[in-house]
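*Asks:* Sequence and predicted structure below; questions after.
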Amino acid sequence: MRKNIYYAIFLFLLIVVSIFPNGAFSQDYTDILPHKSEKTSEEDEHAKSSVYLEILGQGLYLSANYDYRFKPNLTARIGIGTALLAFSFPATINYLTFPESSHHLEIGGGFIIARGGFDNDESIILPTANIGYRFQPKKGGLFFRIAWTPLLSFLIHEEEKDDILERLIWGGISIGYTFR
């Protein structure tokens, strides 16, 4: 009987030790060993938020935008713009090359919701893309970008009952500020 208890205890300890990863019961010396300070990781972190004005570009004529860098090489942008009697709401995802630098090639895509105009109050969705240069300092400060931003629009001609794909060769210049 006693032999069975020893076998049960031995099997229990063997299972517990094999389930936990190696070193689970070892001491943690990270508090006394020299290592990189937490300030280093904060200093290496990019300034993530940018606000800027864009002339022409994806906001159509003039737009105010917010851009958030959620990974070192990925950003998301939303904005509100105006074009004569219409309003636009651009939204894009951008990929940045050279994430450790302040100078980037920016490639992205998204859509623009445009509402209003001279003859109607309808909303349209325009697919868009962009490729251009972006200057965004790692620690924050002046933000600048210039990009080619083609727009695609499907126009429906009532008389012909045909859909026509219209491409608008378009570009924009942005200036603003980047902060943490």
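*Replies:* Arrived safely.
*Asks:* Three-state assignment for Gln58, please.
*Replies:* helix (DSSP: H, G, I helix; E, B strand; the rest coil).
*Asks:* okay, now the residue nearest to it when sequence neighbours are not counted: neighbour count?
*Replies:* Excluding its sequence neighbours, the residue lying closest to Gln58 (Cβ to Cβ, 6 or more residues apart in numbering) is Pro90, at 4.1 Å. (C-beta placed from N, C-alpha, C; glycine too.) Neighbours of Pro90 under the rule other Cβ atoms under 10 Å: 26.
*Asks:* just Val51 next, same as before
*Replies:* Neighbours around Val51, by other Cβ under 10 Å: 14.
*Asks:* Which of the helices or strands spans it?
*Replies:* Assessed by DSSP states H and E, Val51 sits inside strand 49-56.
*Asks:* for that strand, which positions count as buried?
*Replies:* Ser50, Tyr52, Glu54, Leu56 (16 or more other Cβ atoms under 10 Å).
*Asks:* How much space separates the first one from Ile173?
*Replies:* Spelled out, that is Ser50. Note on Ser50: its distance to Ile173, by Cβ to Cβ, to the nearest Å, is 15 Å.
*Asks:* by how many degrees do the helix or strand hosting Tyr68 and strand 49-56 diverge?
*Replies:* Tyr68 is part of strand 62-71, with elements assigned from DSSP H and E. Interaxial angle of strand 62-71 relative to strand 49-56 (axes from the mean of the first three to the mean of the last three Cα atoms, to 10 degrees): 140 degrees.
*Asks:* next SSE after strand 62-71?
*Replies:* Next along from strand 62-71, by DSSP H and E: strand 74-83.
*Asks:* Strand 49-56 and that following strand, what's the angle between them?
*Replies:* Using the same axes, to 10 degrees: strand 74-83 against strand 49-56 is 40 degrees.
*Asks:* What helices and strands are in contact with strand 74-83?
*Replies:* strand 62-71, strand 86-96, strand 103-116 (3 or more Cβ pairs under 8 Å, 6 or more residues apart in numbering; DSSP states H and E).
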